[in-house]
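*Asks:* Okay, predicted coordinates and the sequence, questions at the end:
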Amino acid sequence: MTYTANSKNPTKSEKRGISSSAERSVHIGEATGAAPVSPTIIAKFWSRVEVRTSRVCWLWRGMKNQSGYGRFRPTWNDPEVKAHRFAWQIVNGPVPDGKLIIHSCDTPACCNPKHLRVGSYQDNSDDCVTRGRQSRLLGTANPRTKLTDDQVAAIRRDPRPGVQVARDYGVCDSLISMIRKGQRRRFTP
């Protein structure tokens, strides 16, 4: 679906300086050649974004998926798109085929175009590993772990109910249950 913003009738977004050209096309999904939609769609999109200064995240206030990414459906019969991708396209135009829009801020709900960049699937994977968001490190080798190996061993030996143990270690009782069942930290002695 192609969206066109015309500067003769600027939207609130354009008045804020979000669109930098007189006419901007936005390509949504894989469909091409669709009829342009009025700037009302773009205004509808930006009305769901908490626009602040360019240095901070502009958070999506609409629906989100399970991973925290914003979901936007321009009209009832359009396909749903990720809000950050739509924001990037409003400002920069179509995303090249086979490319992703990557957050530099690590905030899935962010729609600030200055926090978004084009990248490949490999770029995204490398970024995840570099920033520690998709670490395959197990146990205490993972910098985000909350319990030491000794604590995990003690949890397995502790006969008290999981709720009490969880309170003592400052974690949720479901983690205690998963540790005891071997669903988490199973390689810890």
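*Replies:* That came through fine.
*Asks:* does residue 59 have beta-bridge partners, and which?
*Replies:* Per DSSP bridges, the residues bridged to residue 59 are residue 50, residue 110.
*Asks:* Tell me the buried residues in stretch 91-99?
*Replies:* Residues 91, 92, 95 are the ones in stretch 91-99 that count as buried (16 or more other CB atoms under 10 Å). (Glycine included, C-beta is placed from N, CA and C.)
*Asks:* Surely the last one touches residue 85?
*Replies:* Yes: in this structure, residue 95 is within contact of residue 85 by CB atoms under 8 Å, at 6.7 Å.
*Asks:* Next, show the common contact partners of these two.
*Replies:* Contact with both residue 95 and residue 85 is made by residues residue 101, according to CB atoms under 8 Å, 6 or more residues apart in numbering.
*Asks:* wait, what's in contact with the residue nearest in space to the middle of the chain?
*Replies:* Among the residues of the chain, the one closest to the centroid is residue 108, at 1.8 Å (CA atoms, centre = their mean). Each residue near residue 108 by CB under 8 Å, 6+ apart is listed here: 64, 67, 68, 69, 70, 84.
*Asks:* Now with 7 Å, please.
*Replies:* 67, 68, 69 (CB atoms under 7 Å, 6 or more residues apart in numbering).
*Asks:* Apart from its neighbours in sequence, what residue is nearest it?
*Replies:* residue 68 (3.8 Å; CB to CB, 6 or more residues apart in numbering).
*Asks:* which residues touch residue 122?
*Replies:* Contacts of residue 122 by CB under 7 Å, 6+ apart: none found.
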